[in-house]
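Q: Sequence and predicted structure, then a few things I'm wondering about:
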Amino acid sequence: MFSSIVVVAHLGKHEQIKTTMKSAKQRDVTQSAMRQQPREKPLRTLPVRSAPEPAGEPARRPQAQRSAETQAKLIAAAISCLHRFGYSATSVTMVADEAGVSRGAMTHQYPTRTDLMLAVVEAVFEQDVQHYERTVAEKTPMQWIRELPATMWEVMSQPSGTAVIEIMLASRSDPELADKLRSMQNAIDRLSHPWIIERLEAAGLRDRPNGEAIHRLFVAAIRGLSLEALFRRDRADAENSVAVLSELLRLLYPDMDTELAQQSN
């Protein structure tokens with residue numbers, strides 16, 4: 001998902017976006033702290049001895065690792081449920097059961113359904129960034145630009161992309177979710193298009209004056225095609241439309257073919 005929610009961003013900008021996302025959550029963390037005072041932790045002393053664990057007893061994993069593993073299970077389960085059943089049917093109980101996690105453990109990680117859904121969007125975004133970065137490393141700059149619509153389709157047509165779309169649609173009737181999701185999306189949008197410009201320049205191309213609108217058009221078109229494919233149960237037909245978007249991209253940037261010919265010589 002994600003750019004857009006399905007986006008493209010390099011690692012440095014990815015960290016900036018994550019920082020912005022975290023700051024958008026600051027208000028909710030503060031309110032939660034006011035409602036629920038943390039329990040005092042007992043002082044811990046150094047162990048009397050440092051003998052190894054008895055044979056056959058596995059070492060206890062650090063709390064941070066156990067927490068991260070629980071979060072990963074819950075996010076994967078939420079994506080699966082959103083993709084298979086849709087937002088309205090995806091309850092926190094369903095997600096906990098799907099993940100094999102107790103309800104208490106789930107609410108410890110994500111106190112509300114909104115918290116879980118925002119975590120899904122952020123996790124999908126991180127996965128999408130990694131996918132785009134891999135494709136940049138695997139292709140020439142020109143090849144990457146020419147294949148961008150197909151790459152976007154790969155990202156947005158996955159179950160994770162469908163999950164994000166479900167959350168976006170649900171935000172229409174959930175003001176709290178909409179407000180927080182919009183802040184997250186705005187943080188992504190502020191950095192995604194400048195990175196596209198960098199990729200164009202790396203390929204020897206210049207962005208158009210309306211380049212940002214073109215980027216938004218392609219994101220919206222491919223997002224719509226992913227929904228159409230789900231409805232019609234026909235990916236091949238949607239992929240034919242993605243190929244048309246690739247043709248449109250070459251028409252919008254006619255220097256693409258010229259530059260490619262020069263690079264071939």
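A: Structure received.

Q: List the contacts of E228.
A: 237-238 (Cβ atoms under 8 Å, 6 or more residues apart in numbering). No exception for glycine: its C-beta is placed from N, CA and C like everyone else's.

Q: same deal with S157?
A: By Cβ under 8 Å, 6+ apart, S157 lies in contact with 222, 225-226, 229, 235, 238.

Q: from the residues you listed, which single one is nearest Q109?
A: For the contacts of S157, the residue nearest Q109 by Cβ to Cβ is S226; the value is 28.4 Å.

Q: Quick check: what element follows the strand or helix carrying that closest one along the chain?
A: Per DSSP states H and E, S226 falls inside helix 211-232. Counting by DSSP H and E, the element after helix 211-232 in chain order, helix or strand, is helix 235-252.

Q: Just the C-alphas of that following helix, formatted as PDB.
A: Listed next in PDB are the C-alpha coordinates belonging to helix 235-252 (Å, rounded to 0.1, in the frame of the first residue of the first chain):
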ATOM      1  CA  ARG A 235      -6.800  -9.600 -12.300                       C
ATOM      2  CA  ALA A 236      -5.900 -10.100 -16.000                       C
ATOM      3  CA  ASP A 237      -8.400  -7.500 -17.100                       C
ATOM      4  CA  ALA A 238      -7.100  -5.000 -14.500                       C
ATOM      5  CA  GLU A 239      -3.600  -5.700 -15.600                       C
ATOM      6  CA  ASN A 240      -4.500  -4.800 -19.200                       C
ATOM      7  CA  SER A 241      -5.600  -1.400 -17.900                       C
ATOM      8  CA  VAL A 242      -2.300  -1.000 -16.000                       C
ATOM      9  CA  ALA A 243      -0.600  -1.500 -19.300                       C
ATOM     10  CA  VAL A 244      -2.600   1.300 -20.700                       C
ATOM     11  CA  LEU A 245      -1.400   3.500 -17.900                       C
ATOM     12  CA  SER A 246       2.200   2.600 -18.900                       C
ATOM     13  CA  GLU A 247       1.400   3.800 -22.400                       C
ATOM     14  CA  LEU A 248      -0.100   7.000 -21.000                       C
ATOM     15  CA  LEU A 249       3.000   7.600 -18.900                       C
ATOM     16  CA  ARG A 250       5.200   7.500 -22.100                       C
ATOM     17  CA  LEU A 251       2.800   9.900 -23.800                       C
ATOM     18  CA  LEU A 252       3.000  12.300 -20.900                       C
END
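
Q: Against which helices or strands is that helix packed?
A: helix 141-146, helix 148-156, helix 211-232, helix 255-264 (3 or more Cβ pairs under 8 Å, 6 or more residues apart in numbering; DSSP states H and E).

Q: tally of neighbours for the residue nearest to M256 when sequence neighbours are not counted?
A: Leaving aside its sequence neighbours, M256 sits nearest to R250 (Cβ to Cβ, 6 or more residues apart in numbering; 5.4 Å). Applying other Cβ atoms under 10 Å, we find 14 residues neighbouring R250.

Q: try A213
A: Look at A213: counted by other Cβ under 10 Å, it has 11 neighbours.
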